[in-house]
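K.L.:
Here is my input, please return the structure:
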Amino acid sequence: MSDAWLLIHTGVAILGIVALITWLKTPPIFGLLIGATYLGLATGLDISGTAEALTVGFGDVMAEIGLLITFGVVMGSLLTATNTLQRVIEGLLGLFGEKRVPMVFAVSLSTLFTSIYSDVVLVLTAPLARRLGPRLGPRGIALMGGALTAGIEVGLVFVVPGVGALAVAGLLDVPLGEMFLLGLVVGVPTAVLTMLTFAVLLKRVLRWDPAADELQAPIDDTDEGTDDGAGNGGGAGGGGGAATPDGHPGAASSTAITTTTVTRPSAQELRQLPLLVSISPVLVTLALIALGALANAFDFPLGPVALLSEPVIAMAIGAGLAHLLAQRVLPREEVNSAVGKALAMAGPILILSGLSGSVAEVIGQSGLRDVLAESFNAGFLPPLLLVWLVAAVLHIAMGSISIAAITAAGILAPIAGSLGVPVVLIALAACSGALFLPHVSSNFFWMFQSLLNLSTRGTFKTHTVAMSLASVISLPIVLLLDIVV
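P.N.:
Residues are numbered from 1 along each chain as shown. A predicted model of the protein is given here:
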């Protein structure tokens, strides 16, 4: 088969996946499976070869990231159940003061609690953001909205153990310690610069008008919502639609399979451990992963400690510690319920990641690897910019950060090593592009509007603008790393 036909069939497969998910409202697990099967058969793999490629690709990805994502989601669910997120944010606000509230939100949410699913974080933090916003002036609600977006979504894709970061790193075979360190290098400046730029735009360009951009009718301030189950996009989000693993649907009218309710416990309902102890599962996990990454970078032996610095062991230690601490403050049945919810939430992202691995294996076995590599290398744009564009287009089409990043990583995995840039930067560029231009096809968009009591216009000015800024700001940081790394 000629190279031209290979590329044509690849384009048909990708467009077919997008069309199935967005127009025909097909669950992404079936859309990805149908697209990968078509690609295998159309590019010369026979029936048995296509089936083998699908299973091998799925299994390879599960071996790489299955336990990582599972332990990460379990840890996040237990931290949610013990009210740790709110306590940390309230402590930081007391330390830095109200004037720095938006930056505190953006930085803390993008670094410390990335293992908690994004729609759950939004449900838990939006009431606090609404209460603090008016104290910052007439644009306060908008600033808080931008801070939530910059923090939650940047952490999701860039900072381990964010589910998006774990999945993309696994698909592209990026060492998790490397993804963690460079993800922080990209994620933290992105969150800070996004907030600084957004504040200027809000004042001079966007012209925030509370009368038009905020809904005037009061809304119920109960801290309840839905976290991710397994729906069309991979989970059930709030606002009545089905969400992807990051709370974003392939279509707003998807049907959820699993829906769970997240209720923030009051301080009186929980026995409080010291804050540093409560957050220790995150700190210990990240410290162990960072230790392993630094040991590899500087080539010094860790001896027996090397086992603890292995990412899967570090994540298991963090999840186990979170479980032990949760048992100290919650009844056993509530702890078990939190673990059960976590396992239900982990399923969709694992399946989607595995199927993206199937797409990658089909590409690798069909001969498309070399053709795609030549196409990327022959382009007029740098490879990292092309990677960003692929993920951005997929996000605009599908409405899901996680699905866009995972699908882009699956497409690029077979050629990642031949693009002439470090593979970790390809992963970060895909994550950067997957943030671009959220709009009405995203369930998170409507959750954001409802929970912050904004008009649709106000949601575009806050969520869409802030997230697109994060995408555009993170890209040059990734490109700069290509010069340094």
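K.L.:
Could you point out which residue ranges in the stretch 151-300 of the chain have low pLDDT?
P.N.:
Where the stretch 151-300 of the chain drops to pLDDT under 70, the residues are 216-271.
K.L.:
For it, just list every one of the helices.
P.N.:
163-171, 176-204, 210-213, 275-278, 280-298 (DSSP state H, counting those that start in this stretch).
K.L.:
The first one packs against which elements?
P.N.:
I take that to be helix 163-171. Judged by 3 or more C-beta pairs under 8 Å, 6 or more residues apart in numbering; DSSP states H and E, the packing partners of helix 163-171 are helix 47-81, helix 140-158, helix 176-204, helix 332-366, helix 401-412, helix 423-433. Where you see a C-beta, it was placed from the backbone N, CA and C, and this is true even at glycine.
K.L.:
Pull it out as PDB, backbone CA atoms only.
P.N.:
Taking C-alpha atoms only, helix 163-171 is exported to PDB below (Å, rounded to 0.1, in the frame of the first residue of the first chain):
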ATOM      1  CA  VAL A 163      -4.600  11.600  35.700                       C
ATOM      2  CA  GLY A 164      -3.900  13.200  32.300                       C
ATOM      3  CA  ALA A 165      -0.200  13.400  33.100                       C
ATOM      4  CA  LEU A 166       0.000   9.800  34.100                       C
ATOM      5  CA  ALA A 167      -1.900   8.600  31.100                       C
ATOM      6  CA  VAL A 168       0.100  10.500  28.500                       C
ATOM      7  CA  ALA A 169       3.400   9.600  30.200                       C
ATOM      8  CA  GLY A 170       2.400   6.000  30.100                       C
ATOM      9  CA  LEU A 171       1.300   6.000  26.500                       C
END
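K.L.:
Give me the contacts around that helix.
P.N.:
Residues from elsewhere that reach helix 163-171 (C-beta atoms under 8 Å, 6 or more residues apart in numbering): 61, 64-65, 68-69, 72-73, 114-115, 117, 156-160, 174-176, 179, 183, 245-246, 349, 352-353, 356-357, 360, 401-402, 405-406, 409-410, 413, 424, 427, 430-431, 434.
K.L.:
For Pro438, give me its contacts.
P.N.:
248, 395, 399, 401, 444-445, 463-464, 467-468.
K.L.:
For ChimeraX, what selects the buried ones among the contacts of helix 163-171?
P.N.:
This is the ChimeraX syntax for the buried subset of these, where burial follows 16 or more other C-beta atoms under 10 Å:
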select :61,64,65,68,69,72,73,114,115,117,156,157,158,159,160,174,175,176,179,183,245,246,349,352,353,356,357,360,401,402,405,406,409,410,413,424,427,430,431,434
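K.L.:
give me the element the closest residue to Val335 other than its chain neighbours is part of.
P.N.:
Counting by C-beta to C-beta, 6 or more residues apart in numbering, Val335 lies nearest to Ala326, which is 4.7 Å off, once chain neighbours are set aside. Element membership for Ala326 (DSSP states H and E) is helix 311-329.
K.L.:
and the residue nearest to Phe445 when sequence neighbours are not counted, helix, strand or coil?
P.N.:
In space, and not counting its chain neighbours, Phe445 is closest to Pro438: 5.7 Å by C-beta to C-beta, 6+ apart. Secondary structure, DSSP: H, G, I helix; E, B strand; the rest coil: Pro438 is coil.
K.L.:
returning to what we had before: now what about the helix holding Ala326, what contacts it?
P.N.:
In contact with helix 311-329 (C-beta under 8 Å, 6+ apart) are residues 67-68, 71-72, 74-75, 78-79, 81-82, 161, 176-177, 270-273, 277-278, 280-282, 284-285, 288-289, 292, 307-308, 334-335, 338-339.
K.L.:
Now do the buried residues in it.
P.N.:
Within helix 311-329, judged by 16+ other C-beta under 10 Å, the buried ones are 311, 313-323, 325-326, 329.
K.L.:
Could you give the separation of that helix from the chain centroid?
P.N.:
Centroid displacement of helix 311-329 relative to its chain, using C-alpha atoms, centre = their mean, to the nearest Å, is 21 Å.
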